[in-house]
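Engineer: have a look; sequence and predicted model below, questions after that.
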There are 2 protein chains.
Amino acid sequence: MDLCNLSCYKGGMAANSRLTIAVHALTWMALAQRRGQSVMTSDQIAASINTNPVIVRRSLGDLRRAGLVQVRRGSGPGWSLARRPNEISLLAVFNAVEDGPLFGMHHTEPNQGCPVGRGIQPALGSVYARAETALRRQLRRTTIEDVLGQTLTHQVG
Amino acid sequence: MDLCNLSCYKGGMAANSRLTIAVHALTWMALAQRRGQSVMTSDQIAASINTNPVIVRRSLGDLRRAGLVQVRRGSGPGWSLARRPNEISLLAVFNAVEDGPLFGMHHTEPNQGCPVGRGIQPALGSVYARAETALRRQLRRTTIEDVLGQTLTHQVG
DNA sequence: GTTGTTCGTAACCACTCCTATTCCATCAAC
DNA sequence: GTTGATGGAATAGGAGTGGTTACGAACAAC
């Protein structure tokens, strides 16, 4: 498996693919559900994403803990959506798979003898919080159903 | 030097401190300028941030390439702001020190035989772009002067 | 030109995160 | 009990980041 093909563009920042993996899985499950297959195994999902089934299981585990999917074990097992696709926002997915803040503070405590070192962290915290809120507000406006519709459109045109 | 003190909370995502370092440096330079000292060495700036001067030089190098600061060499050397503090937005700083996208796409190309695998990347790209735009719009609303004001306020109350 | 300071950058280490893989216990239906 | 897939631990490799040291380049004052 090649390590860095064309579709892999991880720049300097962030750039983990957790949100992408989770949304891809949910979108694929929504399409399968629309076709009448409401239960899928992690192997089937991994085949669409083209990754390892364990990666998918870890991602689906996060989504299960967030109440977005449910799992059935034993025979006839697999994963299914716990809500309708239009009731799953990308913000819910984001919250399920990401935890930390977007911007990191200092690694070491700033010099408390300096006026800037003393007061800059709360000041930056407010700005960072506002920026993250704006990002979340945008993610909330899109649902898995929207992504599925866009996906089916994009592949034609 | 301890490896993870209280002010170090890097969560799961992103969480590099480049923006914090750069904004701290600029804010400190703005305060020094207000006090009459318009030129500072990387050692002086590093003392406030409490990090290594090389880290600061790396950051200020990015800011210099973006036209936000200038450097004088020889004797009486050091860094100074190239714009007024109220003309430097956090978006300009963000653009100077970060490059990659916030959300990463798949590491390996999705299965092109699957409808979702074929069309999901452009669909996700649009959503991610809207979210990043919202974030940037917020960062543009705050300037170094604002951060300095907030910083001096926070340390009192 | 010599001197002295800083910048600029390369090289390197330590640590963390992420992806991927392997392996084994668990579980429910038959 | 057998069967098939989940769930999780353990592991390994790769990449990014912060930190450190070291050294040459640039520049102004003398």
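Structural biologist: Thanks, I have it.
Engineer: so which helix or strand takes in the residue in chain A positioned nearest to DNA strand C?
Structural biologist: With CB to the nearest atom of the strand, the shortest gap between chain A and DNA strand C falls at A:Gly74, namely 2.2 Å. (Each C-beta comes from the backbone N, C-alpha and C, glycine too.) Per DSSP states H and E, A:Gly74 falls between elements, in no helix or strand.
Engineer: tell me the pLDDT at it?
Structural biologist: On pLDDT, A:Gly74 comes in at 80.
Engineer: same check on A:Cys8?
Structural biologist: Among the per-residue scores, A:Cys8 shows a pLDDT of 29.
Engineer: who's sitting farthest from the centroid in chain A?
Structural biologist: Here the centre of chain A is the reference, and by CA atoms, centre = their mean the most remote residue is A:Gly113, at 41.1 Å.
Engineer: so where is chain A shaky, pLDDT-wise?
Structural biologist: Applying pLDDT under 70 to chain A picks out residues A:1-14, A:156-157.
Engineer: repeat that with 50
Structural biologist: A:1-12 (pLDDT under 50).
Engineer: now do the helices in it.
Structural biologist: Using DSSP state H, the helices of chain A run over A:18-34, A:42-49, A:53-65, A:90-97, A:115-140, A:144-156.
Engineer: which residues does the last one contact?
Structural biologist: Which is helix A:144-156. A:23, A:26-27, A:30-31, A:34, A:84-86, A:88, A:90, A:93, B:115-116, B:118-120, B:122-124, B:126-127 (CB atoms under 8 Å, 6 or more residues apart in numbering or on different chains).
Engineer: just the buried ones from these?
Structural biologist: For these, a neighbour count by 16 or more other CB atoms under 10 Å in any protein chain shown gives the buried set as A:23, A:26-27, A:30-31, A:85, A:88, A:90, A:93, B:115-116, B:118-120, B:123-124, B:127.
Engineer: contacts only, for the residue most central in space within chain A.
Structural biologist: Central residue of chain A (CA atoms, centre = their mean): A:Leu19, 2.1 Å from the mean position. Residues in contact with A:Leu19 (CB under 8 Å, 6+ apart) are A:90, A:93-94, A:97-98, B:103.
Engineer: and with 10 Å instead?
Structural biologist: By CB atoms under 10 Å, 6 or more residues apart in numbering or on different chains, the contact list for A:Leu19 reads A:59, A:90, A:93-94, A:96-98, A:139, B:13, B:102-105, B:124, B:127-128, B:131.
Engineer: ok, A:Leu68 next?
Structural biologist: Shown in contact with A:Leu68 (CB under 10 Å, 6+ apart): A:22, A:26, A:60, A:62, A:81-83, A:87-89, A:92-93, A:95-96, A:144.
Engineer: from B:Val93, how far out is it?
Structural biologist: 36 Å (CB to CB, to the nearest Å).
Engineer: how about A:Asp43?
Structural biologist: 46 Å.
Engineer: next one: A:Ala47
Structural biologist: For A:Ala47, the distance to B:Val93 - CB to CB - is 43 Å.
Engineer: report how many residues lie close to A:Asp43.
Structural biologist: 12 (other CB atoms under 10 Å in any protein chain shown).
Engineer: residues contacting A:Thr142?
Structural biologist: Taking CB under 10 Å, 6+ apart, we find A:Thr142 in contact with A:23, A:88-91, A:93, A:150, B:123-124, B:126-127, B:130-131.
Engineer: dump those into JSON lines; add distance to A:Glu109 as well.
Structural biologist: Supplementary listing: the contacts of A:Thr142 in JSON lines, determined by distance: CB to CB, whole Å:
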{"residue": "A:Val23", "distance to A:Glu109": "37"}
{"residue": "A:Ile88", "distance to A:Glu109": "40"}
{"residue": "A:Ser89", "distance to A:Glu109": "37"}
{"residue": "A:Leu90", "distance to A:Glu109": "35"}
{"residue": "A:Leu91", "distance to A:Glu109": "33"}
{"residue": "A:Val93", "distance to A:Glu109": "34"}
{"residue": "A:Gln150", "distance to A:Glu109": "45"}
{"residue": "B:Ala123", "distance to A:Glu109": "43"}
{"residue": "B:Leu124", "distance to A:Glu109": "38"}
{"residue": "B:Ser126", "distance to A:Glu109": "41"}
{"residue": "B:Val127", "distance to A:Glu109": "37"}
{"residue": "B:Arg130", "distance to A:Glu109": "36"}
{"residue": "B:Ala131", "distance to A:Glu109": "31"}
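Engineer: go ahead and confirm A:Leu102 touches A:Ala131.
Structural biologist: Yes - using CB atoms under 10 Å, A:Leu102 makes contact with A:Ala131 at a distance of 7.3 Å.
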